[in-house]
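A.B. asks: Attaching a predicted model along with its sequence, questions to come.
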Amino acid sequence: QGETPTLILHAQSWEEYPDAVLRLTGEGPDGERLREDIPFPVGPTPQHQAIPLPAPRQPGLSHIHLRLRSGSGFLTQYTTGYWCRDAALLSAGPALGAGAGFLERDGRPFPVAGTTYMSRDAHRQFLLRPNPAHWDEDFRAMADAGINFVRTGVWTGHDQIMLEPGVAREDTLRAFEAYLHAARAHGIAVQFCFFAFQPEAFGKGNPYLDPDARARQRDFVAAFVRRFRHVPDLSWDLINEPSQFSPAHLFAQVPNGDEHEHRAWNEWLQRRYPTYESLLEAWNAVPADAGPWGSIRVPYPEELVYRQRWGTFKPLMAVDWHLFSQDAFSEWAHDLAQTIRACGSEQMVTVGQDEGAVTGRPSPYFHHQSLAHTCIHTWWLNDALLSDHLCAAVPGKPLLVQETGVMHYERLDQAARRTELNRAHLLERKLALALGAGAGFVQWLWNTNTDMTDDNEVAIGALRADGSEKPEMGALRRMAAFARSLAPHVGP
């Protein structure tokens, strides 16, 4: 309250419309209405205009409707909005926590029936191109469908949010605050993911081992946590589907070959082996195979996969390399979890683990100590769903199937292998198992992401690009209703 909001208009058209007029209407949370006609000629030259709006007189969501016309008729329309901060709303949510088998809300079992959501039009750019009016509409629709939990976060563009070390853009933090207002208004908990696949290095070296990259990551995380540490139904996901170390070899734990990795590897080996001779004996190697003590080489990629014959390669190195990789990730996760705690947050922390949790990836068996609950993403291994769960479940902590859906498969003639109804049936089985063998599910994805160039990605989503529902939405509704009915019957 007290600030004057500003509407920033951007427009461009291949045709010239010198007589175009923008009709701006709006309504605030107190019922106040706005109506104004603004000359707004458009053409091939980009147009930008800032329009001050009335200062809100009370907390809540204001809607702004824009309709552009010219003498030749209607051109386009758009609806957006803005929140006046409602501190009481943000702090009023039930506190999220973790029991032994399920998440909890205010200490009561909370079977999760969730989805993944950023924005219906901006998708992964949702914090840079926010639309609070769309968020409010979509969260209302989710609540009507029985959704009680949403996962979101920053997959790309970290350097657009934190332009200099330790300083996150205020407009992106406010955008996320508006997102949280919309979720809280409809009773939906939010989990925010900081990184995806590999932590952002912010122009530095190895994202897991370079001290400068790690410092930038702590700054990025702290900027969000300090701002939102008092939102009780918000939790944090450190990274989506983490991969080490080489960005050119995702999900393989292949060395990156940088100086920080070399140093950390050798320090780890010297803690593990009391002498150089004991290391050589363990690897069935001679000094020429491994390098001098204190400067042991990292494994070759050929030593990290099964082969029929090994020649001059030393495959026994692979055990130590994978253990080193697990320890390195565990230390990285612990560092960021401690950063969250140092910011004054008691909110839950997790890692968005994908289903290859026993091969070429960080495993929750090693890093779960830093987490409130573990996660698994069930995608490809449709014949091994229970095994997926077991590979990520640890005693005493809930397992959330945090991202699940059905991948796009093609026949040899490149037509879709599954019908939409078949996909919905398979999804329903996945959601049922998530509630039967875990703490619940988070379906990927509410809106089809039409910004993606991958045919597999654009086939996924409960809503089609035009907003119509796929049969998968029926499965979501049914399993959300089951999750709600399950809540009184689970727990200690």
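C.D. replies: Happy to help now that I have it. Note that the coordinates shown come from a computational prediction; the quantities given were computed from them, not determined experimentally. Residues are numbered from 1 along each chain as shown.
A.B. asks: any chance you could map the strands in the stretch 251-400 of the chain?
C.D. replies: Taking DSSP state E, counting those that start in this stretch as the criterion, the stretch 251-400 of the chain carries its strands at 349-352, 374-378, 399-404.
A.B. asks: Highest mean neighbour count out of these?
C.D. replies: Counting by mean count of other Cβ atoms under 10 Å, strand 399-404 has the highest mean neighbour count of the strands of the stretch 251-400 of the chain, with a mean of 28. C-betas here are computed from N, CA, C, even on glycine.
A.B. asks: Remind me what the lengthiest helix in the chain packs against, helices and strands.
C.D. replies: Ranked by residue count, the top helix of the chain under DSSP state H comes out as helix 317-342. Counting contacts by 3 or more Cβ pairs under 8 Å, 6 or more residues apart in numbering; DSSP states H and E, helix 317-342 packs against helix 211-228, strand 234-240, helix 259-272, helix 276-283, strand 349-352, helix 364-367.
A.B. asks: could the strands of the stretch 251-400 of the chain go into a markdown table alongside distance to residue 162 and mean pLDDT?
C.D. replies: Converted to a markdown table, the strands of the stretch 251-400 of the chain look like this (distance: least, Cβ to Cβ, whole Å; pLDDT from 0 to 100):
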| stretch | distance to residue 162 | mean pLDDT |
| --- | --- | --- |
| strand 349-352 | 20 | 96 |
| strand 374-378 | 25 | 93 |
| strand 399-404 | 25 | 94 |
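A.B. asks: and the angle from the longest helix of the chain to helix 259-272?
C.D. replies: 100 degrees (axes from the mean of the first three to the mean of the last three Cα atoms, to 10 degrees).
A.B. asks: Report the buried residues of helix 317-342.
C.D. replies: 317-318, 320-322, 324-330, 332-333, 336-337, 339-340 (16 or more other Cβ atoms under 10 Å).
A.B. asks: Quick one: end-to-end distance for stretch 186-206.
C.D. replies: Distance between the boundary residues of stretch 186-206 (Cα to Cα, to the nearest Å) amounts to 41 Å.
A.B. asks: Hmm, I typed the wrong one, I wanted stretch 176-194.
C.D. replies: Distance between the two ends of stretch 176-194: 13 Å, counting by Cα to Cα.
A.B. asks: Check stretch 180-193 too.
C.D. replies: One end of stretch 180-193 to the other measures 14 Å (Cα to Cα).
A.B. asks: Stretch 460-476 too?
C.D. replies: End-to-end distance for stretch 460-476, by Cα to Cα: 14 Å.
A.B. asks: can you give me the mean pLDDT across it?
C.D. replies: What stretch 460-476 shows for mean pLDDT is 93.
A.B. asks: same check, this time on stretch 9-20
C.D. replies: Per-residue pLDDT over stretch 9-20 has a mean of 88.
A.B. asks: Give me the buried positions along that stretch.
C.D. replies: In stretch 9-20, counting by 16+ other Cβ under 10 Å, buried: 9, 11, 13, 17, 20.
A.B. asks: pretty sure the last one contacts residue 37?
C.D. replies: No. Using Cβ atoms under 8 Å, residue 20 and residue 37 do not qualify as a contacting pair, with a distance of 10.9 Å.
A.B. asks: ok, back up a step: so the longest helix of the chain versus helix 276-283, what angle?
C.D. replies: Going by the same axes, to 10 degrees, helix 317-342 makes 110 degrees with helix 276-283.
A.B. asks: Check the gap between residue 201 and residue 218 for me.
C.D. replies: With distances taken as Cβ to Cβ, to the nearest Å, residue 201 is found 13 Å from residue 218.
A.B. asks: ditto for residue 150
C.D. replies: Going from residue 150 to residue 218 by Cβ to Cβ gives 26 Å.
A.B. asks: the more surrounded of the two?
C.D. replies: For residue 150 versus residue 218, neighbours defined as other Cβ atoms under 10 Å are more numerous around residue 150 (24 against 18).
A.B. asks: Next one: residue 319, what pLDDT does it get?
C.D. replies: 94.
A.B. asks: show me the contacts for it.
C.D. replies: Not one residue lies near residue 319 by Cβ atoms under 8 Å, 6 or more residues apart in numbering.
A.B. asks: what's the farthest-apart pair in the buried residues of stretch 9-20?
C.D. replies: 9 and 17 (14.0 Å; Cβ to Cβ).
A.B. asks: before we move on, back to that, so can I have TSV of the strands of the stretch 251-400 of the chain showing distance to residue 445?
C.D. replies: TSV is the format used below for these (distance: least, Cβ to Cβ, whole Å):
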stretch	distance to residue 445
strand 349-352	14
strand 374-378	12
strand 399-404	9
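A.B. asks: what's the closest of these to residue 359?
C.D. replies: strand 374-378 (13.8 Å).
A.B. asks: Who are the packing partners of that closest one?
C.D. replies: strand 349-352, helix 385-390, strand 399-404.
A.B. asks: then it to CSV, C-alphas only?
C.D. replies: What follows is strand 374-378, C-alpha atoms only, in CSV (Å, rounded to 0.1, in the frame of the first residue of the first chain):
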residue,chain,number,x,y,z
THR,A,374,13.0,-37.6,-0.4
CYS,A,375,11.7,-37.5,-4.0
ILE,A,376,11.5,-39.5,-7.1
HIS,A,377,10.4,-38.6,-10.7
THR,A,378,8.7,-41.5,-12.4
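A.B. asks: Run the angle between that strand and strand 234-240 for me.
C.D. replies: Here strand 374-378 runs at an angle of 60 degrees relative to strand 234-240 (the same axes, to 10 degrees).
A.B. asks: Point out where the chain drops to low pLDDT.
C.D. replies: The model of the chain has pLDDT under 70 over residues 1-2, 357-358, 491-492.
A.B. asks: if we can go back for a sec, redo the helices and strands packed on strand 374-378 as JSON lines? Include distance to residue 182.
C.D. replies: Shown next, in JSON lines, are these (distance: least, Cβ to Cβ, whole Å):
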{"stretch": "strand 349-352", "distance to residue 182": "22"}
{"stretch": "helix 385-390", "distance to residue 182": "32"}
{"stretch": "strand 399-404", "distance to residue 182": "21"}
